[in-house]
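In: my questions are about this predicted structure, shown below with the sequence.
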Amino acid sequence: MPHLTRGTGSTTSTGVRTALGIPGYAHPLVAPAQWAELARPGTPLDWVVLDVAAGPGSRPDPHCVEAVVRLRTAGVRVLGHLDLTYGARTLADLLTDAHRHLDWYRVDGFLLDRCPTERAELFEVRRAVGTLRAISETAHVVLGHGSHPHPGYAENADQLVTFAGPWSDYRWSQVAEWTADYPPDRFCHFVHGVPLGHLDEALRIARWQGAATVYFTDRTDGGGRTNPWETMPGYWDDIVSRVGTGVSE
C-alpha cells in the first residue's frame with residue numbers, strides 16, 4: 001500500500017471531490033479530436049492549459065483561438081502556460097507572455113510551470129504572482145512545482161502542483177504534513193504511466209493526500225524523451241466516469 005500521511009479524513013471515505021486539470025495537449029491542429037472532446041458537456045474539468053509554443057507563441061494562432069473559444073463557450077476555464085524556468089526567467093519576459101495570452105486568447109489565468117520550490121525564491125515568485133493579478137484581477141494562478149515546495153508558496157496562488165511524475169513514484173509517495181492546513185482544492189497531482197488496472201488506486205491516493213485537481217494518464221515520458229501530457233489517455237472515458245465521484249476505502 002502507498003505510504004500516505006494526512007491529518008484529516010474519514011476511515012470510510014475521503015470526502016474529496018476531484019476534477020481534471022489538463023496540463024496541456026498537443027497543438028489543436030495536431031490533436032483536434034482531443035481538444036473537441038474537452039468541450040463535451042459534463043466532462044469534470046477544473047481547467048485546461050493552453051501551451052501554444054512553450055508559452056503563447058510569437059503571434060496569434062487561429063487554431064488555438066478557435067479551440068479556446070469552444071472551451072470557454074462550454075464553461076471551461078483556460079489557463080495560459082508560463083515557464084518560470086525555476087526562477088531564471090525575467091519578470092519582463094514573463095509579463096510579455098502573460099499579456100499575449102490575455103490579448104490573443106482571453107485566458108482565465110495561468111499555470112506557472114517549472115516553478116521554484118525553495119524559500120529563497122519565494123519573494124520573486126510572490127512578486128510575479130502579484131504582478132499577474134495586477135494585469136488580470138480574476139486570474140486563476142497555479143504554481144507548477146511538481147513536488148512539495150516551501151509552505152509559504154501556498155499563500156501566493158490559487159493552487160499548487162505538488163506532484164508531477166511517474167506512477168512508480170506516486171504509488172509510494174508521502175504528502176507533506178503542512179498541506180493538511182489547506183483544503184484539497186488548493187492542490188493538484190499530475191501522474192503519468194498509470195495502468196488502467198491501477199486507476200482507482202491512483203484516485204484513492206490523490207483523495208487521501210488531499211488533492212482535488214488531478215490528471216492521470218497511461219502515457220509515459222519515454223525515459224525523459226517525450227511529453228506524457230500531450231496525448232489524451234487511452235482510458236479517457238474510464239477516468240471521466242470515475243473523477244468527480246467519491247471513492248470509499
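Out: Thanks, I have it.
In: which residues touch stretch 97-107?
Out: 50, 55-57, 60-61, 64-65, 68, 72, 78-80, 82-83, 110, 132, 135-136 (CB atoms under 8 Å, 6 or more residues apart in numbering). Every C-beta, even on glycine, is put in place using the N, C-alpha and C of the backbone.
In: kindly export it (C-alpha atoms) in CSV.
Out: Extracted as CSV, the C-alpha positions of stretch 97-107 are listed here (Å, rounded to 0.1, in the frame of the first residue of the first chain):
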residue,chain,number,x,y,z
ASP,A,97,3.9,36.2,-22.4
ALA,A,98,1.1,36.9,-20.0
HIS,A,99,-0.1,39.9,-21.9
ARG,A,100,0.0,37.8,-25.1
HIS,A,101,-2.1,35.1,-23.5
LEU,A,102,-4.6,37.7,-22.3
ASP,A,103,-4.8,39.7,-25.5
TRP,A,104,-4.8,36.9,-28.0
TYR,A,105,-6.6,34.1,-26.2
ARG,A,106,-8.5,35.8,-23.3
VAL,A,107,-7.2,33.2,-20.8
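In: average pLDDT across it?
Out: Averaged across stretch 97-107, pLDDT comes to 98.
In: if we can go back for a sec, tell me the buried residues within the contacts of stretch 97-107.
Out: Among the contacts of stretch 97-107, the ones that count as buried by 16 or more other CB atoms under 10 Å are 50, 55-57, 61, 64, 68, 72, 78-80, 82-83, 110, 132, 136.
In: identify the residues contacting residue 215.
Out: Neighbour list for residue 215: 20-23, 188-191, 229 [criterion: CB under 8 Å, 6+ apart].
In: following the strand ranked longest in the chain in sequence, what is the next regular element?
Out: Ranked by residue count under DSSP state E, the longest strand found in the chain is strand 159-166. Proceeding N to C from strand 159-166, the next assigned helix or strand is helix 167-170, under DSSP states H and E.
In: next, the angle strand 159-166 makes with the helix or strand just after that next one.
Out: Where DSSP H and E defines the elements, the next helix or strand beyond helix 167-170 is strand 187-192. Calculated by axes from the mean of the first three to the mean of the last three CA atoms, to 10 degrees, strand 187-192 forms an angle of 20 degrees with strand 159-166.
In: which elements pack onto the following helix or strand past strand 187-192?
Out: Where DSSP H and E defines the elements, the next helix or strand beyond strand 187-192 is helix 199-208. Counting contacts by 3 or more CB pairs under 8 Å, 6 or more residues apart in numbering; DSSP states H and E, helix 199-208 packs against helix 167-170, strand 213-217, helix 236-242.
In: go ahead and confirm residue 27 touches residue 57.
Out: No - counting by CB atoms under 8 Å, residue 27 stays clear of residue 57, with 9.7 Å between them.
In: any residues in contact with both of these two?
Out: Common neighbours of residue 27 and residue 57 (CB under 8 Å, 6+ apart) are residue 64.
In: still on that earlier bit, can you give the contact residues for the longest strand of the chain?
Out: Residues outside strand 159-166 that contact it (CB under 8 Å, 6+ apart) are 23, 111, 115, 140-149, 153-154, 170, 173, 175-176, 179, 185-193, 211, 213, 220-221.
In: rewinding a little: a markdown table please, covering the helices and strands packed on helix 199-208 and showing distance to residue 119.
Out: Putting these into a markdown table (distance: least, CB to CB, whole Å) gives the following:
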| stretch | distance to residue 119 |
| --- | --- |
| helix 167-170 | 24 |
| strand 213-217 | 24 |
| helix 236-242 | 35 |
